[in-house]
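> need a 3D model of the following:
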Amino acid sequence: MARKRAQKKKTSVLGRLFAMLFLLALLAAGAAAAYIWHYASSPLPLENAPRDFVLERGTTMRMAANQLAAEGLVTEPWLLVQLARATGAASRIKAGSYEISQPVTPLQLLAKLSDGDVTSATITLVEGWNWRQVKAALARNGDLRHDTAAMDDAALLAAIGAQVSSPEGLFFPDTYHFAKQSSDLQVLKRAYEAMQKQLTTAWEARAANLQLKNPYELLTLASIIEKETGAAKDRPMISSVFHNRLAIGMRLQTDPTVIYGLGESFDGNLKRVHLETDTPYNSYTRAGLPPTPIAMPGMASLLAATNPAQSKALYFVAKGDGSSYFSASLTEHNQAVRRYQLGGR
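Numbers count the residues shown, from 1 in each chain. Modelled structure (predicted):
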């Protein structure tokens, strides 16, 4: 009987102990949960806003948390990692450039990282730029990752899916928005695809009996029109002159192709010797279109190339106000040259 009472007492003590331990565990779990919730929902310290940071490709959640802690953007990085795992954000964080302009909670930060809410930047490719100028603009842009720097033209063309021999003129001039630290190759591919789309639109809208065999010849002629045009209203007439010359086998005799053929050696002063020196781009010494475009044409030049004005003009000369005077005969052209270029002499 005494043994039973002792055993019953022992059982009662153990029960109370287990109950106490269970209660303590619940309290600890509750305290931990409260602490985690407080951490998750309390704004992180943010000094000197806005703050920028970049997560490189291949960055894990743990690496990101340690990086942000080192930059003073988060506290207790181990807890941020655990919170990311619990919410499923750990496997979804995206590389890119981020900006925090006001205090955010860890939960808001994780949402930003997993949504890829990166900051954006822009680059503008200007009508009339050549490939050398495009490359220089890409190289100057500090918000881009310069993946094409080590590529030659052949590798670049393969990467964007172009089936031509030169990148010249292939990129549509426009302003492109991109996430900071995006690859410059991505920007170029978008610009290439935009040009292909605009080329298709212009080619499908072409007039009958054009002196062009395919969209690439259209791109080439449009690039010359782009470089020759001073006043926008003259584009269809400039196109007409070149189409008329091509139709009768007359050389295009356009200075911008000669200048392009001289490359970086051109010092800004076009001389007679340049016009007489044969290169693949010298339209004074060679008939037909040059082998490639010489610049990036805009949509207006593409449409002008496929829809020239109906005229018999074979010549044009700059009037000095940005516009041109067009002539159907050499005699009239020489008179216009004397009037507008030589002051009437």
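
> tell me which strands and helices the host helix or strand of residue 227 is in contact with?
Assigned by DSSP states H and E, residue 227 belongs to helix 215-228. Here helix 215-228 touches helix 184-204, helix 235-248, helix 255-262, helix 299-306, going by 3 or more C-beta pairs under 8 Å, 6 or more residues apart in numbering; DSSP states H and E. C-beta here means a position set from N, CA and C on the backbone, and glycine is covered the same way.

> distance from it to the middle of the chain?
22 Å (C-alpha atoms, centre = their mean, to the nearest Å).

> contacts for that helix, please.
127-128, 164, 168-170, 195, 199-200, 202-203, 206, 212, 235, 238-239, 242, 252, 254, 256-257, 289-290, 292-298, 301-302, 304-306 (C-beta atoms under 8 Å, 6 or more residues apart in numbering).

> before we move on, back to that, which of the helices and strands packed on helix 215-228 sits closest to residue 133?
helix 255-262 (11.7 Å; C-beta to C-beta).

> mind saving the C-alpha coords of the closest one as CSV?
Backbone C-alpha positions of helix 255-262 (Å, rounded to 0.1, in the frame of the first residue of the first chain) are rendered in CSV as follows:
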residue,chain,number,x,y,z
ASP,A,255,29.7,62.0,-99.2
PRO,A,256,28.6,60.1,-96.1
THR,A,257,29.5,56.7,-97.6
VAL,A,258,33.0,58.0,-98.4
ILE,A,259,33.4,59.3,-94.9
TYR,A,260,32.2,56.0,-93.5
GLY,A,261,34.8,54.2,-95.6
LEU,A,262,37.6,56.4,-94.2
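
> ok so, going back, now the contacts of helix 215-228: which count as buried?
127-128, 168-170, 195, 199, 202-203, 206, 212, 235, 238-239, 242, 252, 254, 256-257, 289-290, 292-298, 301-302, 304-306 (16 or more other C-beta atoms under 10 Å).

> surely residue 254 touches residue 281?
No. Residue 254 is beyond contact range of residue 281, at 9.9 Å (criterion: C-beta atoms under 8 Å).

> about what we covered before: adding distance to residue 104 as columns, could you present the helices and strands packed on helix 215-228 in JSON lines?
Formatted as JSON lines, those follow (distance: least, C-beta to C-beta, whole Å):
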{"stretch": "helix 184-204", "distance to residue 104": "28"}
{"stretch": "helix 235-248", "distance to residue 104": "51"}
{"stretch": "helix 255-262", "distance to residue 104": "52"}
{"stretch": "helix 299-306", "distance to residue 104": "42"}
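
> and these: which comes nearest residue 87?
Here helix 184-204 is closest among the helices and strands packed on helix 215-228 (C-beta to C-beta), at 29.5 Å.

> what is the closest one packed up against?
Checking 3+ C-beta pairs under 8 Å, 6+ apart, helix 184-204 ends up next to helix 131-140, strand 144-145, helix 153-160, strand 175-179, helix 215-228, helix 299-306.

> mind redoing it with 7 Å?
Judged by 3 or more C-beta pairs under 7 Å, 6 or more residues apart in numbering; DSSP states H and E, helix 184-204 is in contact with strand 144-145, helix 153-160, strand 175-179, helix 215-228, helix 299-306.

> worst mean pLDDT among these?
Here those differ in mean pLDDT, and the lowest is strand 175-179 at a mean of 88.
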